[in-house]
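# Got a predicted structure here, sequence first:
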Amino acid sequence: MFENKDNSGNSIGDLGEFGLIDHLTKNFVIKQKSTIKGIGDDAAVIACDSKKELVVTTDMLVENVHFDLGYMPLKHLGYKAVVVNLSDVYAMNAEASQITVSIAVSNRFPIEALEELYAGIAAAAQAYNVDVIGGDTTSSTTGLIISVTAIGIVNKGEAVYRSGANDSDLLVISGDLGGAYMGLQVLEREKQVFLVNPKSQPDLEPYSYLVERQLKPEARKDIPKLLKDLNVVPTSMIDVSDGLSSEILHLCKNSKVGCNLYEDKIPLDPQVITVCEEFNIDSTTIALNGGEDYELLFTIKMEDFPKIKGNPHLTIIGHMTKEEEGKHLITRANTKIPLIARGWNALEGKE
Ligand code: ADP
Ligand code: MG
């Protein structure tokens, strides 16, 4: 029951996702000595033994908010539900070790459909070497809901937080950005075509990379290892689930620093550029706000620059500044504009 009905119009959408989380969780205080990090990072960190710490993170995917079964094969959905959680584990510089999987499902699903979903979950567990150790199963009167919790392990003191960036650090991103969002645009367009003409056979070949980024994303398990091999300790890290600008602003806020992001440095796959032209959308806007890239965004000390310079997996896209200098995008035309996060916000029903 909802007790306080005298609530004149404070809508969840006005607060936004992060405002809502802050609002709901602001009164929780940490009481356990073993809780090293609670709410506010990609994963919580818990003391384990004298050598190790555990990380725990959870993410939920909701039908018609996060996925559309009109074009998302269930096997891919299972895979993606695992990957988006593992991405948060790697963003803490940890190794993923176990997952639990909870589903709420309506009886419109035949058993074969759920077997497909679990084939995807099994494939991801295999690919990322994690054990499925539990979960929960319940019914849903509306859509399908999948909630995965991922557990990881990290050497004591080696977890990397959103809060560790210094004001002269370099800002680095793995891979490239905007592909998953443009993949979604392509799939949405093909869905509309299909609704008008069910006999149409979409040719997705020119969009293969984008569609794969949307339907079968991978988490960057390789990046923490790569950094270790290069002897680089990131000072802060976050995964890119909501869009580059939103994630940069999280690092800035938590680390109490500003930043300069250089538009011309943002890595884009050629397919993203071509398809942005086709859709008449600005590719920078997509990279900044698109989301679901599951790349790792991190900061490193300036002196580590030679160690990562020229690495094909990593791009330096900017640097942090003193907090009072603000957070800026330096455009290709060399103008300095405030960096704002438009992100994709499930609570606004935008995606
Ligand atoms: P991410 O995008 O990395 O998954 P989120 O933005 O979902 O992170 O969450 C940010 C932080 O808020 C995390 O520490 C998460 O555990 C916490 N959080 C999110 N939703 C809730 C909630 N309903 N109650 C408590 N903590 C939450
Ligand atoms: Mg995250």
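Done, it's in. Numbers count the residues shown, from 1 in each chain. Ligands and ions are numbered 1, 2, ... in the order given.
# What is the burial count for the closest residue to ligand 2 within the stretch 101-250 of the chain?
The nearest approach of the stretch 101-250 of the chain to ligand 2 comes at Asp239, 4.3 Å away (CB to the ion). Where C-beta positions appear, they are placed from N, C-alpha and C, glycine not excepted. Counted with other CB atoms under 10 Å, residues neighbouring Asp239 total 27.
# when you give positions from now on, start the count at 11
Noted, 11 is the first residue going forward, which turns the last one into Asp249.
# how close does the closest residue to it other than its chain neighbours get to Leu180?
Leaving aside its sequence neighbours, Asp249 sits nearest to Ala101 (CB to CB, 6 or more residues apart in numbering; 3.9 Å). Distance, Ala101 to Leu180, using CB to CB, to the nearest Å: 18 Å.
# Among these two, which residue is more densely surrounded?
Ala101 (33 against 20).
# shouldn't Pro212 be in contact with Lys201?
No - look at Pro212 against Lys201 with CB atoms under 8 Å: they stay out of range, at 9.1 Å.
# show me what contacts Leu240?
For Leu240, the residues meeting the contact criterion (CB atoms under 8 Å, 6 or more residues apart in numbering) are 317-318, 321.
# could you flag which of those residues are buried?
With burial judged by 16 or more other CB atoms under 10 Å, the buried subset of those is Ile318.
# now, which of the contacts of Leu240 sits nearest ligand 2?
When these are compared against ligand 2 (criterion: CB to the ion), the nearest one is Ile318, at 21.6 Å.
# Apart from its neighbours in sequence, what residue is nearest that closest one?
Counting by CB to CB, 6+ apart, the residue nearest Ile318 is Leu324, at 5.1 Å.
# For that neighbour, give me phi and psi.
phi -130, psi 140 (degrees, to the nearest 10).
# and the protein, which of its residues are near ligand 1?
Counting by CB under 6 Å from any ligand atom, the positions of the chain adjacent to ligand 1 are 31, 34-35, 49-52, 69, 98, 251.
# A ChimeraX selection for those, restricted to the buried ones, would help me check which they are.
Only the buried entries of these go into this ChimeraX selection, using 16+ other CB under 10 Å:
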select :51,52,69,98,251
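# Show me the residues of the chain next to ligand 1 that map onto helices.
Those of these mapping onto helices are 31, 34-35, 98, per DSSP state H.
# count of neighbours near the residue of the stretch 261-361 of the chain found nearest ligand 1?
Taking CB to the nearest ligand atom as the measure, the stretch 261-361 of the chain has Gly301 as its residue closest to ligand 1, at 9.5 Å. The tally of other residues near Gly301 (other CB under 10 Å) stands at 23.
# Now do it against Ala137, distance only.
In this view, Gly301 and Ala137 are 22 Å apart by CB to CB.
# so the residue of the stretch 111-260 of the chain closest to ligand 2 sits right up against Gly301, yeah?
No - using CB under 8 Å as the test, Asp249 is too far from Gly301 to be in contact (10.8 Å).
# Quick check: neighbours shared by these two?
Counting by CB under 8 Å, 6+ apart, nothing touches both Asp249 and Gly301.
# got a list of what the residue nearest in space to the middle of the chain touches?
The centre of the chain sits closest to Ser251, judged by CA atoms, centre = their mean, with a distance of 2.0 Å. By CB under 8 Å, 6+ apart, the contact list for Ser251 reads 94, 97-98, 257, 301-304.
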